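Novice: Any chance you can model this:
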Amino acid sequence: MADLFAPASSVPSATPDGAPLAERLRPRRLEDVIGQDHLTGPDGAIGRMVAAGRLSSLILWGPPGTGKTTIARLLADAVGLRFAAISAVFSGVADLKKVFAEAREHVRAGLRHTLLFVDEIHRFNRAQQDSFLPYVEDGTVVLVGATTENPSFELNAALLSRAQVLILNRLDATALAKLLARAEEVEGRSLPLTPEAREALAASADGDGRFLLNQVETLFSIAIEHPLDPPALARLLHRRMAVYDKDREGHYNLISALHKSLRGSDPQAALYYLARMLVAGEEPLFVLRRLVRFASEDVGLADPQALVQCLAAKDAYDFLGSPEGELAIVQACLYLATAPKSNAAYAAQKAAWASARDTGSLMPPQNILNAPTRLMKDIGYGRGYAYDHDSPDSFSGDNFWPAEMSRQEFYVPAPRGFEVKIAERIAYWNKLRGERS
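Specialist: Below you'll find the model as predicted:
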């Protein structure tokens, strides 16, 4: 796959001038990869592995166009491994068997071990994923899988336990600007864009370097007499661009202003920034995604209907489209701005996640575990479970925490909105728990 992230020094001299732009930007070294310094730098996980000359199996998790395939290829060269690649989209069991057999033959012949790159690894089913295990365990292959999906949900626990998950970042504005500058250097000319349109082009990529370079190549392939402004660029590329005013307040500045206006319960300012984004040509579904997030992060259970309103607005927009459906977005925005605010659920999530990372191997009490088999029943699973509906007030007061942990308090309701009632319930249950423990 063509690389997207190479500065000047990494351009292969043998690359034909007529090759696609992305091909001419293929890097030659890991340090040439743009936007992933937290992994490829000297202190990053990949940088340290390469320095040590030893590579463990990896899962590269990140959005499209961030360099997963490129990093895998360069890793093989950096540590002296044979590179083999398959795609889970196009490969089946027969393909896997062939790859494993070839890798094993190389080992038996005293040749290089194999780095097996599996693109879209989450597309393999669980049985196919299990087939990697013996070859990873005995060192026949070093597995490097690439995925855009959360590995926790899409990959087997057994496979995850044998691989290190590395998270690739969506390319930020600085990285995208480097790509644009590198493309201009290779082409020997500047993009025919105004400064505002240049920023709009980068913002439209949404962190996807591959998409950005495809758009750049389109621009270079067309004879353009005068620099394009954002509306002209949008018409040419058939993609709506965020318009940047003379102060260059862009896509992320405006969404930040909208979010903070909502948090500050200022419906007038929130509506203004919402209008700025939609009138400028921002993608309405992007705005709706941010409103849904806000409903959980900043309103939460202080008004449980906030999330319902936002999801209803999304459905209404999907049904009506623009411009009629944008009124539903306005309604959701005003609802959020005027709703009681609470970040209690958000704070609880962070605290619970931190605790789970620290204590993730602890078993729950046996009495609350299911016992679907005779063996599990015999060793005590489910024994002594108190069915709450059979208890007074439908509350047993049982302990649900691992034996090695004391009771934690992650969620503390705010004294606003519906959370006032929730706090009363929790206090009541705590009182009963104290009486029955």
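Novice: After the least confident helix or strand in the chain by mean pLDDT, which helix or strand is next?
Specialist: Every helix and strand of the chain was ranked by mean pLDDT, DSSP states H and E. The lowest is helix 21-24, at a mean of 80. Per DSSP states H and E, the first helix or strand lying C-terminal to helix 21-24 is helix 37-40.
Novice: helix or strand right after that following helix?
Specialist: In N-to-C order, the element after helix 37-40 by DSSP H and E is helix 45-52.
Novice: Please verify my assumption that residue 177 contacts residue 201.
Specialist: No: counting by C-beta atoms under 8 Å, residue 177 does not reach residue 201; the two are 10.6 Å apart. Backbone N, C-alpha and C define where each C-beta goes, glycine included.
Novice: Can you tell me which helices and strands the least confident helix or strand of the chain packs against?
Specialist: Helix 21-24 sits against helix 173-187, helix 209-220, with contacts defined as 3 or more C-beta pairs under 8 Å, 6 or more residues apart in numbering; DSSP states H and E.
Novice: Give the buried residues for it.
Specialist: 21, 22, 24 (16 or more other C-beta atoms under 10 Å).
Novice: which one of those sits closest to residue 62?
Specialist: Distance to residue 62, by C-beta to C-beta, is smallest for residue 22 among these, at 17.4 Å.
Novice: Just want to check the distance between the closest one and residue 208.
Specialist: 12 Å (C-beta to C-beta, to the nearest Å).
Novice: Next: residue 156.
Specialist: From residue 156 to residue 208 the distance is 28 Å (C-beta to C-beta).
Novice: So between residue 177 and residue 201, which is more surrounded?
Specialist: Ranked by neighbour count (other C-beta atoms under 10 Å), residue 177 and residue 201 place residue 201 first, with 24 against 15.
Novice: measure residue 26 to residue 182 for me?
Specialist: Note on residue 26: its distance to residue 182, by C-beta to C-beta, is 11 Å.
Novice: Which residue is the nearest non-sequential neighbour of residue 237?
Specialist: Nearest non-adjacent residue to residue 237, counting by C-beta to C-beta, 6 or more residues apart in numbering: residue 215, 6.0 Å away.
Novice: Now do the strands in the stretch 1-150 of the chain.
Specialist: 58-61, 82-87, 114-119, 141-147 (DSSP state E, counting those that start in this stretch).
Novice: on that earlier part again, let me know whether the residue nearest to residue 237 touches residue 202 as I believe.
Specialist: No: between residue 215 and residue 202 there is no contact under C-beta under 8 Å: 9.6 Å.
Novice: Compare neighbour counts for those two and give me the winner.
Specialist: residue 202 (24 against 21).
Novice: tell me which element the more buried one is part of?
Specialist: Assigned by DSSP H and E, residue 202 belongs to helix 195-204.
Novice: what's the answer for residue 268, then?
Specialist: Counting by DSSP H and E, residue 268 is found in helix 267-280.
Novice: and the helix or strand following that helix, what does it pack onto?
Specialist: Scanning forward in sequence from helix 267-280 by DSSP H and E, the next helix or strand is helix 284-294. Applying 3+ C-beta pairs under 8 Å, 6+ apart, one finds that helix 284-294 makes contact with helix 251-263, helix 267-280, helix 305-320, helix 326-338.
Novice: how far is the longest one from where the chain is centred?
Specialist: Okay, so that is helix 305-320. How far helix 305-320 lies from its chain's middle: 23 Å, per C-alpha atoms, centre = their mean, to the nearest Å.
Novice: quick one, that helix and helix 284-294 angle?
Specialist: Interaxial angle of helix 305-320 relative to helix 284-294 (axes from the mean of the first three to the mean of the last three C-alpha atoms, to 10 degrees): 170 degrees.
Novice: Longest helix in this protein, by number of residues?
Specialist: Ranked by residue count under DSSP state H, the longest helix found in the chain is helix 419-436.
Novice: what mean pLDDT does it have?
Specialist: Across helix 419-436, pLDDT averages out at 94.
Novice: which residues sit against it?
Specialist: The contact list for helix 419-436, computed with C-beta atoms under 8 Å, 6 or more residues apart in numbering, reads 300, 301, 302, 340, 342, 344, 393, 395, 396, 397, 413, 415.
Novice: now swap in stretch 116-136 and tell me
Specialist: Outside stretch 116-136, the residues within contact range by C-beta under 8 Å, 6+ apart are 57, 59, 68-69, 72-73, 76, 83-89, 92-93, 96, 99-100, 103-104, 140-149, 151, 154-156, 158-159, 162-163.
Novice: Show me what counts as buried in stretch 219-226.
Specialist: By neighbour count on 16+ other C-beta under 10 Å, the buried set for stretch 219-226 is 219, 220.
Novice: Give me the distance from it to the chain's centre.
Specialist: That offset, for stretch 219-226, works out to 35 Å (C-alpha atoms, centre = their mean).
Novice: what's the straight distance from one end of it to the other?
Specialist: Terminal residues of stretch 219-226 are spaced 12 Å apart (C-alpha to C-alpha, to the nearest Å).
Novice: do stretch 277-284 as well
Specialist: End to end - C-alpha to C-alpha - stretch 277-284 spans 9 Å.
Novice: Next, the buried residues of it.
Specialist: Quick answer for stretch 277-284 (16+ other C-beta under 10 Å): 277, 278, 280, 281, 282, 283, 284.
Novice: likewise stretch 144-155?
Specialist: So stretch 144-155, judged by 16+ other C-beta under 10 Å, has buried residues 144, 145, 146, 147, 148, 151, 154, 155.
Novice: OK, contacts around the fifth one?
Specialist: The one in question is residue 148. Going by C-beta under 8 Å, 6+ apart, residue 148 touches 61, 62, 63, 64, 120, 122.
Novice: same thing with the fourth one?
Specialist: For residue 147, the contacting residues are 59, 60, 61, 120, 121, 122, 154, 155, taking C-beta under 8 Å, 6+ apart as the criterion.
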